[in-house]
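Pasting the sequence and the predicted model now:
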Amino acid sequence: TKLTEFYDAETGEHIRRTRGYIELFCQELGISPEDTKIIADAAPLHDIGKIGIPDAILQKKGPLNPEEWEIMKSHATIGGEALSESEVPVIQIARQIAIGHHEKYNGNGYPFGLKGEEIPLAARIMAIADVYDALRSPRPYKEGFDHTKTYNIIVNGDNKTHPEDFDPKILEIFKKNHRKLAMIYDQYLEKP
């Protein structure tokens with residue numbers, strides 16, 4: 001049932017928002033409608049590896065300690081493993097996204113410390129979409145930020161997020177289209 005719970009937690013508004021962000025980035029990057037659909041269809045599986053993370057860590061109200069953080073980070077490789085057996089194109093892209101959406105363009109990400117174009121394009125797109133949505137959304141351990149604060153964190157950085165984390169081309173698209181991302185977020189707000 002853990003897989004069903006994962007889908008329940010990830011359904012609805014978060015998936016619709018993420019899909020909207022991804023479609024916008026793909027369109028701006030000139031990716032074909034067919035490939036855009038594959039990437040957008042694959043995106044909801046980005047955190048599937050969290051099925052292997054204990055609930056006590058996933059739902060912890062405060063910050064994770066270093067041991068818990070190491071366990072949490074393993075969701076990227078667990079997700080890649082879970083999606084590794086398929087020849088279906090959408091699952092192959094989902095695997096790239098699951099493994100790579102926490103890699104950073106500057107090489108400071110996880111699980112492999114890939115940098116630049118070593119990171120698959122779909123994962124580089126998902127990285128900024130996921131950070132935007134995570135910053136905007138309330139979590140057990142934090143309030144959601146408004147669009148302006150989120151924009152400033154992504155473009156100027158804070159203690160966790162830095163503009164160098166993202167593909168510069170995709171970051172430029174974010175800057176140019178940030179109001180559209182805000183509209184997508186507002187269109188699919190979580191229902192209390």
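Arrived safely. Quick caveat: nothing in here was measured; it's all calculated off a predicted structure.

What count of nearby residues applies to residue 186?
When neighbours are counted by other Cβ atoms under 10 Å, residue 186 registers 11. For glycine as for every other residue, the C-beta is placed from the backbone atoms N, C-alpha and C.

Can you name the residues that contact residue 50?
Counting by Cβ atoms under 8 Å, 6 or more residues apart in numbering, residue 50 touches 6, 58, 75, 78-79.

same thing with residue 180?
Contacts for residue 180 (Cβ under 8 Å, 6+ apart) come out as residue 24.

if we can go back for a sec, let's see if you can find the most crowded of the contacts of residue 50.
With neighbours taken as other Cβ under 10 Å, the top of these is residue 79, carrying 25 neighbours.

Double-check that that residue belongs to a strand.
No - Residue 79 is assigned helix when assessed by DSSP: H, G, I helix; E, B strand; the rest coil, not a strand.

so what pLDDT did it get?
Looking at residue 79, its pLDDT is 95.

That one and residue 169: what is the separation?
Applying Cβ to Cβ, to the nearest Å, the value for residue 79 to residue 169 is 25 Å.

ditto for residue 60
35 Å.

Equivalent analysis for residue 115, please.
From residue 115 across to residue 169, the span is 15 Å (Cβ to Cβ).

Okay, the residue nearest to the spatial centre of the chain and residue 88: tell me how far apart.
Taking Cα atoms, centre = their mean, the centroid of the chain lies closest to residue 130, which sits 2.8 Å from it. According to Cβ to Cβ, residue 130 and residue 88 sit 22 Å apart.
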